[in-house]
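Visitor: okay, structure incoming, though there's no sequence with it:
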């Protein structure tokens, strides 16, 4: 039976492991106003296809949100904003846009998983937000490149 809340899922996880007093945040992938897209990305995470993500550094600084750090825990929410799993950050690096590797693009699990497709999709995705913040996307735009693993599932 899936947990009813993020706190219940976290408590269930803590019964099976020692997190050494760690805390968690809730998280989803994609635009919350597009629940079908969020669900599709959640499904990729749960299937083990999506194990990485990239976000412009500007998104963290503009929103005044902490950059993911190795060892961070997140309660993964699905398209209905319900908790379905716990993911843990295992790599977090600051890398220029055109230095994101083909391997990382593959592990993001979207599109055809090539670096060319990744750059096309991410340019389309990141440009409007960066421009709204008075920035532009270029080869040197700093990106937070993150790798994570599913450490607990609600099902």
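Guide: Cool, the structure landed. Note that the structure is a prediction, hence the values are computed from the model and not measured.
Visitor: how about the strands of this structure, start to end?
Guide: Taking DSSP state E as the test, the strands found in the chain are 24-27, 52-56, 73-77, 83-96, 142-153.
Visitor: now do the fourth one against strand 73-77, angle only.
Guide: Translated: strand 83-96. 120 degrees (axes from the mean of the first three to the mean of the last three C-alpha atoms, to 10 degrees).
Visitor: who does strand 83-96 pair up with?
Guide: Paired strands of strand 83-96, with direction, are strand 73-77 (antiparallel), strand 142-153 (antiparallel) (DSSP bridges).
Visitor: quick one: residue 107 and residue 52 touch, right?
Guide: Yes: contact between residue 107 and residue 52 holds when scored by C-beta atoms under 8 Å: they sit 3.9 Å apart. (Each C-beta comes from the backbone N, C-alpha and C, glycine too.)
Visitor: comparing the two, which residue is more hemmed in?
Guide: residue 52 (19 against 16; other C-beta atoms under 10 Å).
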